[in-house]
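# predicted model, plus sequence, below.
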Amino acid sequence: MEKLTFNTLIKAPRKTVWNILWSNETYPVWTSAFCEGSHALTDWQQGSKVLFLDGKGSGMVSTVAERREPEYMSFEHLGEVKDGVEDTESDKVKQWAGAHENYTLNEANGQTELVVEMDSDANFKDYFLKTWPPAMDKIKELAEAK
């Protein structure tokens, strides 16, 4: 696993950025950079299960590993969802199960630095390097419009 880091400076308070990240209304907007129809099924509470899904119901099963509103959210990825079936046991998912995706919001002078750190295996590195920058741009656009 390799740790990838993405960041952007947003002219908005971190509470606003937090709400953009985890609101059921805006989450699908900024995550469409990864896949059209992207959405999450969860209550976003620490310890809760999260299904990160595409428009066809496939994606990843994870858990909210840590939540400190409005400054930090960490997800632990446990497996994948394919055709509505969760897989946390196959050799394929065991290669990357336990990977983390962390969101840190640092506020200073009315601006928020959003830092996303994620564990990625080599097969997905190029995909994330291509898709995270537009996702960060969309988060910035949504937060600065509030």
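Cool, the structure landed. Residues are numbered from 1 along each chain as shown.
# just grab the bridge partners of the one residue sitting closest to the centre of the chain for me.
Residue closest to the mean C-alpha point of the chain, counted by CA atoms, centre = their mean, is Glu101 at 6.5 Å. Under DSSP bridges, the beta-bridge partners of Glu101 are Phe75, Met118.
# would you agree it is in contact with Met118?
Yes - with contacts counted by CB atoms under 8 Å, Glu101 reaches Met118, the gap being 4.3 Å. For glycine as for every other residue, the C-beta is placed from the backbone atoms N, C-alpha and C.
# spit out the residues that contact these two alike.
Common contacts of Glu101 and Met118 (CB atoms under 8 Å, 6 or more residues apart in numbering): none found.
# tell me which residues in the helix ranked longest in the chain are buried?
Ranked by number of residues, the top helix in the chain under DSSP state H is helix 122-144. Using 16 or more other CB atoms under 10 Å as the test for burial, helix 122-144 gives Phe128, Thr131, Trp132, Ala135, Met136, Lys138, Ile139, Lys140, Leu142, Ala143.
# of those, closest to Leu21?
Ile139 (6.7 Å; CB to CB).
# who's in contact with that closest one?
Thr8, Ile10, Val17, Ile20, Leu21, Trp30, Leu114.
# helices of this protein, residue ranges please.
So, for the chain - with DSSP H - the helices run 14-22, 27-31, 91-94, 122-144.
# name the helices or strands packed onto the shortest one?
Okay, so that is helix 91-94. When contacts are defined as 3 or more CB pairs under 8 Å, 6 or more residues apart in numbering; DSSP states H and E, helix 91-94 sits against strand 72-82.
# quick check: angle from the strand it packs on to helix 14-22?
Relative orientation of strand 72-82 versus helix 14-22 (axes from the mean of the first three to the mean of the last three CA atoms, to 10 degrees): 0 degrees.
# now do the helix or strand of the chain at the bottom of the mean pLDDT ranking: distance to the chain's middle.
Lowest on mean pLDDT, DSSP states H and E among the helices and strands of the chain sits helix 91-94, with a mean of 87. Here helix 91-94 is found 21 Å from its chain centre; the criterion is CA atoms, centre = their mean, to the nearest Å.
# tell me the bridge partners for the residue lying closest to Lys92 once chain neighbours are set aside.
Among residues not flanking Lys92 along the chain, Glu80 sits closest, at 7.8 Å (CB to CB, 6 or more residues apart in numbering). Beta bridges link Glu80 to Met60, Asp87, judged by DSSP bridges.
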